[in-house]
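[1] show me the folded form of this:
(chains A and B)
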Amino acid sequence: MVNRYIATRIHITIFLMLLCCSVMAQSIKVAVASNLLLPMQAIEKKFEGRYPYEVELIPGASGTLTSQIINGAPYEIFVSADDKYIDEVINKDKAHGGPQIICFGTVYLWVKSGIAGDDPEIILKQEKVKSIGLAHPDLAPYGKLSRDWLEVKQLGVLVHDKIVYGTSIGQVNQYIAAGSVDAAFTSNSLKFSQKKGEGKFIKIEEIWMDPIPQTMLILKTDGPGLFVATLFKDFLLGKESRRVFQDFGYELPVAE
Amino acid sequence: MEQFMAPLWLSLKLAVFTTLILALVGVVSGYVLHMFSFRGKSLIRAIVALPLVLPPTVLGYYLLVAMQPDSFAGGVFETLFGVRMVFSFYGILLGSIVFSLPFMVSPILSGLDALPKSLREASFTLGKTRLQTFFKVLVPNIKSSLFAAFIMTFAHTIGEFGVVLMIGGNIPGQTRVASIAIFHEMEAMNYDVANQYAMVLLVFSLVIIFLVQWLQKRIALW
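    Residues are numbered from 1 along each chain as shown, chains lettered A, B, ... in the order given. A predicted model of the protein is given here:
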């Protein structure tokens, strides 16, 4: 009886020790704009293969993540799909150091297979296209640029009732995967991913459209994560990561 | 596998703590609200029931604003206990306690209200105090309500989403409970994993409903 009691105690102790160890293993939390999740997952694997540290990616719309950071979310790094949100974080005194552009993204129009045409304007005007996925312009930079494009092309009124908003590019990609929309504005990373599924992707390109600067910022945290955060930041700017971003269709900033 | 189980364990942990804390709150508030009459009692009853109709986002919003580190309450918690309430387990625990409050208190109160008055009066006539009457006479007679309250609180906490997402975000090991994990895996385009979590929660919910029905039948016979 006593032995069993002691054995139970020992088990509990071991369990608690393991629990402590798993907490002790240095890890950082990286808030990442949804469009970057796929390349960042590839980079995370490479980083964890090289260093004894863990990286947790937390995806979301840049606007949502910004609001979380301002309200005290314990992330070590923020990778935003835009510099506007980065400025907001800096203004609220949540940043450690300055921002850094890691790559540039482009908007793509995804069109369901079975819908003909190569010109995005003509495609969207078709009767067949009954719903169009768009990341919410207030939260997601890709969504904002896509809406600007619709406005410039004077399609805004025409497609107004067809638009289905997603809270982030991630959610728009879900609409695409489920086939619940006929067309959708998404990011280059889906086009170049293995998860892209069926349908075609058309690049939305105009002289006035600047590529979207994917910007990274180390955040102020109480924890001991600064060292790992700096390491990961350097890794993100390194050769291996640059290649991954390129593979997913991002443009790289000119090396200084 | 360990990675898959983590959100499920976290959900379980959250539900266990919430149910334990609310069991205490439920019994104490049942005692106060049933055994005493005072001004503002109906207001308190209304406040207790409020989370039933309140959108989770409203609760999440207020908790987030009230508990962020720069706020008064958030600052007090951080200096006193060294814990940050927002985007942590403590935050979602607080959110769950508030959000599941009516699921614990309401069944207990209606169980007590349904008891014949004579039970209480007989106990008083026999010289028992309020406390004795409550715990020795009334509580044993509302066992089925109590069990229903525990199980529903537990189940409701497992199924929570909006409050957790708003006050806790999606932080692995801290706030990524099973319901959030579905959302997360969808965002990460891991539809098969999302499907597995959804399946686990579906089966769990079904089992809970059966359990409640079975318990209510069984306990009625005690």
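[2] contacting residues around A:Glu127?
    For A:Glu127, no contacting residues are found, by C-beta atoms under 8 Å, 6 or more residues apart in numbering or on different chains. Yep, even glycine has a C-beta here, placed from its N, CA and C like the rest.
[3] got any ranges where chain A has weak pLDDT?
    For chain A, applying pLDDT under 70 flags the ranges A:1-25, A:255-256.
[4] how are the strands of it distributed by residue range?
    With DSSP state E, the ranges of strands along chain A come out as A:27-33, A:54-60, A:77-80, A:100-105, A:107-111, A:132-135, A:163-166, A:183-187, A:200-203, A:212-218.
[5] output those strands as TSV; include the columns mean neighbour count and distance to B:Gln132.
    What follows is those, written out as TSV (neighbours: other C-beta atoms under 10 Å in any protein chain shown; distance: least, C-beta to C-beta, whole Å):
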stretch	mean neighbour count	distance to B:Gln132
strand A:27-33	26	52
strand A:54-60	22	53
strand A:77-80	27	59
strand A:100-105	21	69
strand A:107-111	25	70
strand A:132-135	28	62
strand A:163-166	19	59
strand A:183-187	28	67
strand A:200-203	16	74
strand A:212-218	24	62
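[6] can you put those in CSV and add distance to A:Gln68?
    As requested, the strands of chain A are exported to CSV (distance: least, C-beta to C-beta, whole Å):
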stretch, distance to A:Gln68
strand A:27-33, 7
strand A:54-60, 7
strand A:77-80, 10
strand A:100-105, 21
strand A:107-111, 25
strand A:132-135, 17
strand A:163-166, 18
strand A:183-187, 21
strand A:200-203, 30
strand A:212-218, 14
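[7] chain B: which of those strands is closest?
    Among the strands of chain A, the nearest to chain B by C-beta to the nearest C-beta is strand A:54-60 (5.0 Å).
[8] so which residues on chain B come close to chain A?
    Within reach of chain A by C-beta under 8 Å from any C-beta of the partner chain, chain B has these residues: B:64, B:68-70, B:74, B:84, B:86-88, B:169-172, B:184, B:186-189, B:191.
[9] buried subset of the residues you listed?
    Applying 16 or more other C-beta atoms under 10 Å in any protein chain shown to the residues of chain B next to chain A, the neighbour count classes B:64, B:68-69, B:74, B:84, B:86-88, B:169-172, B:184, B:186-189 as buried.
[10] now, the residues you listed that are in helices?
    Using DSSP state H, the subset of those located in helices is B:Leu64, B:Gly74, B:His184, B:Met186, B:Glu187.
[11] so which of those residues is the closest to chain A?
    Relative to chain A, the closest of those is B:Glu187; by C-beta to the nearest C-beta it sits at 3.8 Å.
[12] how far away is the closest one from A:Gln174?
    Distance, B:Glu187 to A:Gln174, by C-beta to C-beta, to the nearest Å: 8 Å.
[13] how about B:Val177: what's its closest non-neighbour residue?
    B:Ser11 (4.3 Å; C-beta to C-beta, 6 or more residues apart in numbering or on different chains).
[14] stretch B:126-137: end-to-end distance?
    Length of stretch B:126-137, first residue to last, C-alpha to C-alpha, to the nearest Å: 12 Å.
[15] and the helix or strand that B:Leu52 is a member of, what's buried?
    Remark: B:Leu52 resides in helix B:41-53, with elements defined by DSSP states H and E. Neighbour-count burial for helix B:41-53 flags B:Arg45, B:Val48, B:Pro51 (criterion: 16+ other C-beta under 10 Å).
[16] the first one contacts B:Leu33, doesn't it?
    The one in question is B:Arg45. Yes. Look at B:Arg45 against B:Leu33 with C-beta atoms under 8 Å: they come within range, at 6.6 Å.
[17] which neighbours do those two have in common?
    By C-beta under 8 Å, 6+ apart, the residues touching both B:Arg45 and B:Leu33 are B:Leu109.
[18] quick check, the residue in chain A closest to chain B?
    For chain A, C-beta to the nearest C-beta, closest residue to chain B: A:Gly170, 3.8 Å.
[19] which residues does the spatially closest residue to A:Ala42 that is not a sequence neighbour contact?
    In this structure, A:Ala42 finds its nearest non-sequential neighbour in A:Val244, 4.9 Å apart by C-beta to C-beta, 6+ apart. For A:Val244, the contacting residues are A:Pro39, A:Ala42, A:Ile43, A:Lys46, by C-beta under 8 Å, 6+ apart.
[20] 10 Å - rerun?
    Contact partners of A:Val244, counting by C-beta atoms under 10 Å, 6 or more residues apart in numbering or on different chains, are A:Leu38, A:Pro39, A:Met40, A:Gln41, A:Ala42, A:Ile43, A:Lys45, A:Lys46, A:Cys103, A:Leu236, A:Tyr250.
[21] may I see the PyMOL selection of the buried members of those residues?
    PyMOL command restricting the contacts of A:Val244 to the buried ones, with burial defined by 16+ other C-beta under 10 Å:
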select buried, chain A and resi 38+39+40+41+42+43+103+236+250
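[22] related to what we said a few turns ago, contact partners of the helix holding B:Leu52?
    The set of residues external to helix B:41-53 that reach it, using C-beta under 10 Å, 6+ apart, is B:25-26, B:29, B:32-34, B:38, B:40, B:58-59, B:97-106, B:109, B:156, B:163.
[23] list buried residues within those residues.
    Buried residues within the contacts of helix B:41-53, defined by neighbour count using 16+ other C-beta under 10 Å: B:25-26, B:29, B:33-34, B:59, B:97-106, B:109, B:156, B:163.
[24] among those, which are located in helices?
    Assigned to helices by DSSP H, the following of the buried ones among the contacts of helix B:41-53 qualify: B:25-26, B:29, B:33-34, B:59, B:97-106, B:109, B:156, B:163.
[25] check contacts around residue 90.
    Going with chain A. Here A:Ile90 is in contact with A:Asp83, A:Gly97, A:Gly98, A:Pro99, A:Leu217 (C-beta under 10 Å, 6+ apart).
[26] let me rephrase: I mean chain B.
    B:Phe17, B:Met67, B:Phe77, B:Phe81, B:Val83, B:Arg84, B:Ile167, B:Gly168, B:Gln174, B:Thr175.
[27] name the helix or strand for it, please.
    Assessed by DSSP H and E, B:Tyr90 sits inside helix B:89-114.
[28] how long is stretch A:189-198 from one end to the other?
    First residue to last in stretch A:189-198 (C-alpha to C-alpha) measures 15 Å.
[29] my bad, should have said stretch B:127-138
    With C-alpha to C-alpha as the measure, stretch B:127-138 spans 15 Å from end to end.
[30] tell me the buried residues in it?
    Those would be B:Thr133, B:Phe134, B:Val137, B:Leu138, for stretch B:127-138 by 16+ other C-beta under 10 Å.
[31] what separation do you get for B:Phe17 and B:Phe89?
    Distance from B:Phe17 to B:Phe89, by C-beta to C-beta: 9 Å.
[32] state the mean pLDDT of the helix holding B:Tyr90.
    Confidence for helix B:89-114, expressed as mean pLDDT, is 95.
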